[in-house]
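J.: Predicted model and sequence below, questions to follow.
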Amino acid sequence: MSRSAGSCGKVASGSRWGRLRMVGEEAQGAAPVVGGLDRLLLDAKLSVPQPRPGSVSRADVIEAARAGRCRVVGVTASAGYGKSTLLAQWARAEDRRVVWVSLDRFDDDPAVLLSVLATAYARVSPTEADLLADMRSPGVSPLGRAARRLASVLRTSPVPFVLMLDDLHELRASACHDVLSVVISGIPRGSQLVATSRSEQPHIPRLRTSADAIELGAGDLALDAAGAEQIFAAADVQVSPDLIAGVTARTEGRPAGLYLAAAIARESPGQAVAVSGDDRYVADYLYRESLSQLPANTQAFLRRTAVLDQLNAPLCDALLGGAGGQQQLRTIEAPSSFLIPPLRSRDLEVGSSIAARPGGGAVCPIQ
């Protein structure tokens, strides 16, 4: 179950985020924005998404994290583990105020980040209508005053709340994480910040030392055979318990892998279904959600070392006939690209059976 530690530059007004920031200003009484697209984008960004139909309830994981006394919950796993789904289910089960932000690459700027956080909080706290204006006042630096102002508002909130940040890995600038650390300091007891990410969350190590963070990883998010059975039932695919167990093991309980397996089985009734990189659905998903987001040299490194089941720097260097394996492994580990460091070492293992070499692994006959 969960592990508890001890118990960025100016944005042009014509850019997408330049327009969204203007929308936030309009919400606070500034000049109106022409057209409705900006408002729709902002609403989508700050609204809790609808959970996908047929998704497996994660109520047990959510309740355990809610019941803990830690102010921060970090949900960290690679693509396909249902992090956003869990967060959406949590938001809809909350009786506290929910402040939701879906982060993207346009937020990777401390001033923009503060603006969107302030706008999101003001939406659920009418008494803070001037908060965004305070963030944007002339001469106010993100770390110098704005972040502390937002932290102060959060600290004095009259009601408990949950600040939910989806896709934290989109924030790569260190200044953004410095801002976020200040904001976290303002989360009062009884309230929580919950963030999902594909890579390590920079604020977590410090919070571990104060026993103020709950960490949820792939092991907490992986589905068991009962969850897999629900997914196949929702897809109207009949399977035996033994086959369910086989598919669950093959996908390592990764929800996306199970949804793909159910889709493959639905389109190929009565045929053996190989949940592997040979299948178009699986290959497309892995490429779009993982490989395509990595630098070209890292993609080449992964292709050339694909013959290995376990990667370490000396082995990779020997295979490739050069140096630099250690740095590449660190680059790969950061976005959690279907590779897992065993325990706390820096060696990496291929983390998901569905990401294994084409043609490898078991074939599960779905009847």
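T.: Yep, it's here.
J.: Quick check: longest helix in this structure by residues?
T.: Scanning the chain for the helix with the most residues, using DSSP state H, yields helix 110-124.
J.: quick one: the strand or helix carrying residue 327 to chain centroid distance?
T.: Following DSSP states H and E, one finds residue 327 within helix 325-333. In this view, helix 325-333 has its centroid 21 Å away from the chain centroid, taken as CA atoms, centre = their mean, to the nearest Å.
J.: returning to that earlier point: tell me what the longest helix of the chain is packed against?
T.: Using 3 or more CB pairs under 8 Å, 6 or more residues apart in numbering; DSSP states H and E as the contact definition, the elements that helix 110-124 packs against are helix 16-27, strand 97-102, helix 131-135, helix 147-155, strand 161-166, helix 174-185. C-beta here means a position set from N, CA and C on the backbone, and glycine is covered the same way.
J.: Show me which positions of the helix holding residue 327 end up buried.
T.: The neighbour-count criterion (16 or more other CB atoms under 10 Å) identifies 325, 328-329, 331-333 as the buried residues of helix 325-333.
J.: Could you export those as TSV, including distance to residue 52?
T.: Output for those, formatted as TSV (distance: CB to CB, whole Å):
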residue	distance to residue 52
325	39
328	34
329	33
331	31
332	29
333	29
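J.: Can you tell me which of the residues you listed is nearest residue 223?
T.: Minimum distance to residue 223 across those is 24.0 Å, recorded for residue 333 (CB to CB).
J.: what's around residue 201, how many residues?
T.: For residue 201, the neighbour count with other CB atoms under 10 Å is 22.
J.: Report pLDDT for it.
T.: You'll see residue 201 listed with a pLDDT of 95.
J.: From what I see, it and residue 167 are in contact.
T.: No. Contact between residue 201 and residue 167 fails when scored by CB atoms under 8 Å: they sit 11.5 Å apart.
J.: out of the helices and strands packed on helix 110-124, nearest to residue 61?
T.: strand 161-166 (14.7 Å).
J.: packing partners for the closest one?
T.: Under the contact definition 3+ CB pairs under 8 Å, 6+ apart, strand 161-166 sits against helix 83-93, strand 97-102, helix 110-124, strand 192-197.
J.: For it, which outside residues touch it?
T.: Here strand 161-166 makes contact (CB atoms under 8 Å, 6 or more residues apart in numbering) with 48, 83-84, 87, 90-91, 94, 96-103, 117, 120-121, 124-125, 154, 187, 191-196.
J.: what angle sits between it and strand 97-102?
T.: Angle, strand 161-166 to strand 97-102, by axes from the mean of the first three to the mean of the last three CA atoms, to 10 degrees: 10 degrees.
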